[in-house]
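Undergrad: heads up, no residue letters with this:
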């Protein structure tokens with residue numbers, strides 16, 4: 001008998017599950033995610049599940065971790081301060097693919113250098129300018145390096161990365177390590193985001209390893225990649241960008257394992273995001289354009305997933321436009337008022353009572369902040385440092401942290417850096433007032449709803465005087481926004497495009513009338529034609545109404561609340577590599593690998609060389625990740641041109657996929 005441990009660290013909850021012989025769940029447990037020290041939440045969940053199952057930690061044969069940390073960090077704009085080294089590109093290329101926006105004001109240097117399409121050097125790399133720039137940088141947690149056509153010749157990226165490591169000692173993300181595809185600015189964006197996530201991921205995985213060892217789990221730790229495959233914890237630390245959509249990918253694997261469904265939409269609601277994907281023939285499709293999270297389209301292989309900043313802990317916003325007013329949710333996650341009051345009732349409850357006695361609503365009513373200890377706070381401005389010190393590690397009303405209007409903007413930047421947590425009204429609070437949840441402080445949730453409801457619409461009327469009515473309004477809004485997310489995913493998957501983009505189709509007046517079953521002179525009916533598998537801790541609370549709204553069957557399987565943790569441990573180790581062969585002149589075939597370009601006189605010999613090199617590399621990575629019973633799949637995509645009655649070789653892309661089950665530790 002083998003016992004497998006799956007752990008999922010989400011924005012709100014950390015889940016743990018034990019599976020016997022990959023066939024049955026024997027126990028599951030939840031604990032609150034503790035961002036100030038993730039090991040606390042992981043340790044609590046693992047200890048609880050071991051007690052429930054009466055299993056010894058030493059009996060665990062394999063441990064695996066999935067996490068929404070990287071996904072949430074990108075959605076919420078968090079991560080460390082990074083530096084970008086941009087080689088051989090025009091500075092205007094920074095405006096391509098959202099690269100300048102992703103920099104968020106962090107330092108960047110554009111250097112001469114780079115290569116052409118065939119791997120030839122365009123200009124020498126200016127290492128002296130790079131050294132001067134590095135000497136002037138402070139507070140950088142990691143660097144990203146992207147060079148023009150680095151996938152055809154990576155020597156300039158390698159030289160720059162070597163110098164950065166020698167001068168700064170900081171980790172470096174080289175774009176050619178993360179993707180073998182062309183499109184320099186997009187590779188640069190991927191490397192930049194990877195660098196931004198390194199610190200966060202090292203802390204998470206490192207602390208996970210520490211706490212598992214402390215508990216007595218000696219089995220190897222795996223991490224779920226964005227395509228649902230498993231990789232070693234060491235590899236995940238170096239390439240955290242590959243773990244974006246890790247949690248959602250695990251949920252798809254878990255959904256399939258739990259239901260056996262072949263064709264369905266899968267919707268996973270967490271505290272921060274809702275993730276929607278489709279199962280076809282029992283398999284989630286990979287996104288050919290690369291994983292998209294929030295505003296960023298990366299070059300990371302991941303499941304075709306649409307991630308929306310909508311969850312149980314999404315921020316509730318008041319809509320001021322128009323006479324009627326209203327609310328909307330997300331994309332930022334807040335700590336629910338009911339949770340912060342549960343943790344610090346002596347601060348939150350008196351503050352809410354005091355705010356309710358004011359005759360006019362305050363700008364910071366039902367808002368609280370606290371600093372997150374143990375985070376990297378390098379590179380802060382004097383004002384940011386002053387505000388952070390003022391907040392401290394204890395919970396305080398936001399009004400106490402703000403002494404001027406500019407302090408509000410400063411706090412927003414500190415929240416984006418992950419240095420401060422903000423608490424406010426969320427759907428979780430509404431669910432407490434409606435009686436759907438009862439784990440935290442219901443009284444504080446009711447008080448926060450009453451404070452929020454005092455805001456006035458454009459017509460001069462208060463939004464709501466009844467906490468229960470406002471709570472229902474919030475939950476109804478979550479139902480609507482979840483339904484829109486599902487419709488967008490469904491329209492995006494339609495084989496026959498309808499014309500307008502999926503977002504417009506999902507919100508189109510005819511679609512909305514059809515969902516409402518309009519019947520007049522014209523009769524309109526609309527809905528989803530496939531089942532929806534609802535996952536997440538709050539799925540049973542929110543998703544039945546979504547099924548009714550979309551007129552579809554809502555499948556809420558047993559253990560839906562821990563599907564991510566299940567998917568984390570039932571997957572396979574899979575390594576995919578690709579390489580290119582070009583023909584710079586007739587009769588010459590050039591391979592493009594990490595060692596640099598190499599020419600051959602025969603096309604088949606060149607392709608065989610790339611296959612052999614990639615297979616050796618992929619097998620080494622798979623073995624390092626603990627794979628056994630390895631299978632290898634090779635394929636070639638050869639492009640030819642028909643010129644003067646003969647076929648001429650243009651280019652070939654070689655694909656290698658190595659997969660196997662993770663090695664199971666043997667107990668004595």
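TA: Arrived safely, thanks for sending. All values reported here derive from a predicted model rather than from experimental measurement.
Undergrad: switch to C-alpha atoms for all contacts and neighbour counts from now on
TA: Fine.
Undergrad: List the buried residues of the longest helix along the chain.
TA: For the chain, the longest helix by residue count, based on DSSP state H, is helix 184-215. For helix 184-215, the neighbour count (16 or more other CA atoms under 10 Å) marks 184-209, 211-212 as buried.
Undergrad: shaky segments in the stretch 401-550 of the chain?
TA: 495-497 (pLDDT under 70).
Undergrad: Need the pLDDT of the residue most central in space within the chain.
TA: The residue lying closest to the centre of the chain (CA atoms, centre = their mean) is residue 71, at 1.5 Å. On the pLDDT scale, residue 71 is placed at 72.
Undergrad: Now for the closest residue to residue 190 other than its chain neighbours: which residues touch it?
TA: Closest residue to residue 190 apart from its sequence neighbours, by CA to CA, 6 or more residues apart in numbering: residue 298 at 5.2 Å. Residue 298 makes contact with 186-187, 189-190, 290-292, according to CA atoms under 8 Å, 6 or more residues apart in numbering.
Undergrad: Surely residue 566 is in contact with residue 248?
TA: No. Assessed by CA atoms under 8 Å, residue 566 is found out of contact with residue 248, at 11.8 Å.
Undergrad: mind giving me the domain split of this structure?
TA: By the assignment in automatic domain parsing, the chain contains the domains 80-197, 314-472, 573-662.
Undergrad: of these, which approaches residue 480 most closely?
TA: Closest of the domains of the chain to residue 480 is domain 314-472, at 9.9 Å (criterion: CA to CA).
Undergrad: what residue ranges in the chain score low on pLDDT?
TA: For the chain, the stretches flagged by pLDDT under 70 are 36, 75-77, 97, 294, 323, 376, 495-497, 665-668.
Undergrad: Contact partners for residue 261?
TA: If a contact means CA under 8 Å, 6+ apart, then residue 261 has 255, 279, 282 as its contacts.
Undergrad: quick one, what contacts the residue lying closest to residue 225 once chain neighbours are set aside?
TA: Distance criterion CA to CA, 6+ apart; nearest residue to residue 225, sequence neighbours excluded, is residue 243 at 4.5 Å. Going by CA under 8 Å, 6+ apart, residue 243 touches 67, 70-71, 223-226, 236.
Undergrad: same question, residue 148
TA: So residue 148 contacts 87-89, 113-116, 184 (CA under 8 Å, 6+ apart).
Undergrad: Looking at these, which one is closest to residue 166?
TA: The closest of these, once distances to residue 166 are taken by CA to CA, is residue 87, at 18.6 Å.
Undergrad: That closest one against residue 121, yeah?
TA: No. If you go by CA under 8 Å, residue 87 and residue 121 don't touch, sitting 11.7 Å apart.
Undergrad: what's the overlap in contacts for those two?
TA: Joint contacts of residue 87 and residue 121 (CA under 8 Å, 6+ apart) are 113-114.
Undergrad: neighbour count winner among the two?
TA: Neighbours were tallied for residue 87 and for residue 121 using other CA atoms under 10 Å; the higher tally belongs to residue 87 (28 against 18).
Undergrad: hey, where'd the helices end up in the stretch 301-450 of the chain?
TA: 337-343, 345-356, 382-391, 398-401, 405-416, 427-433, 442-453 (DSSP state H, counting those that start in this stretch).
Undergrad: which one of those helices is the most hemmed in?
TA: Counting by mean count of other CA atoms under 10 Å, helix 427-433 has the highest mean neighbour count of these, with a mean of 27.
Undergrad: residues making contact with the helix or strand where residue 618 lies?
TA: Taking DSSP states H and E as the criterion, residue 618 maps to helix 603-624. Residues from elsewhere that reach helix 603-624 (CA under 8 Å, 6+ apart): 231-232, 573-581, 588-593, 599-600, 632, 634, 652, 654-660.
Undergrad: Which of the residues you listed fall in strands?
TA: Of the contacts of helix 603-624, the ones assigned to strands by DSSP state E are 231-232, 573-581, 588-592, 599-600, 632, 634, 652, 654-660.
Undergrad: which of those count as buried?
TA: Those of the ones in strands among the contacts of helix 603-624 that meet the buried threshold are 231-232, 573-581, 589-592, 599-600, 652, 654-660, by 16+ other CA under 10 Å.
Undergrad: returning to what we had before: quick check: phi and psi at the residue nearest to residue 190.
TA: Backbone geometry at residue 298, expressed as degrees, to the nearest 10, gives phi -100, psi 180.
Undergrad: returning to that earlier point: how big is the angle separating the helix holding residue 618 from strand 588-592?
TA: If you take axes from the mean of the first three to the mean of the last three CA atoms, to 10 degrees, helix 603-624 sits at 10 degrees to strand 588-592.
Undergrad: So the residue nearest to residue 225 versus residue 194, what's the distance?
TA: As judged by CA to CA, to the nearest Å, residue 243 and residue 194 stand 10 Å apart.
Undergrad: just residue 218 next, same as before
TA: 29 Å.
Undergrad: cool, residue 321 as well?
TA: From residue 321 to residue 194 the distance is 38 Å (CA to CA).
Undergrad: one step back: next, format the helices of the stretch 301-450 of the chain as CSV and append distance to residue 518.
TA: Below are those laid out as CSV (distance: least, CA to CA, whole Å):
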stretch, distance to residue 518
helix 337-343, 39
helix 345-356, 43
helix 382-391, 53
helix 398-401, 46
helix 405-416, 44
helix 427-433, 29
helix 442-453, 32
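Undergrad: Quick one: closest of those helices to residue 366.
TA: Of the helices of the stretch 301-450 of the chain, nearest to residue 366 by CA to CA is helix 442-453, at 5.5 Å.
Undergrad: just how off-centre is the helix or strand just after the closest one within its chain?
TA: Sequence order places helix 467-493 as the next helix or strand after helix 442-453, per DSSP H and E. Relative to the chain's own centre, helix 467-493 is displaced by 21 Å; criterion: CA atoms, centre = their mean, to the nearest Å.
Undergrad: buried ones in helix 467-493?
TA: Neighbour-count burial for helix 467-493 [16+ other CA under 10 Å]: 467-468, 470-492.
Undergrad: One more: stretch 518-530?
TA: For stretch 518-530, burial by neighbour count (16+ other CA under 10 Å) applies to 524, 526-528.
Undergrad: same question, stretch 34-52
TA: Residues 34-50 are the ones in stretch 34-52 that count as buried (16+ other CA under 10 Å).
Undergrad: swap in stretch 620-638?
TA: The neighbour-count check on stretch 620-638 (16+ other CA under 10 Å) flags 621-623, 625-628 as buried.
Undergrad: Can I get the residues you listed in CSV including distance to residue 647?
TA: Compiled in CSV, the buried residues of stretch 620-638 are given as follows (distance: CA to CA, whole Å):
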residue, distance to residue 647
621, 37
622, 37
623, 40
625, 42
626, 44
627, 41
628, 42
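Undergrad: and the residues you listed, which two are the farthest apart?
TA: Once CA to CA is applied, these give 621 and 628 as the farthest pair, at 11.8 Å.
Undergrad: Next, residue 241: phi, psi?
TA: phi -60, psi -30.
Undergrad: what do you get for residue 437?
TA: According to degrees, to the nearest 10, residue 437 has phi -130, psi 150.
Undergrad: Is the nearest residue to residue 307 once chain neighbours are set aside in a helix, a strand, or coil?
TA: Using CA to CA, 6+ apart and skipping the chain neighbours, the partner closest in space to residue 307 is residue 275 (4.5 Å). What DSSP: H, G, I helix; E, B strand; the rest coil gives for residue 275 is strand.
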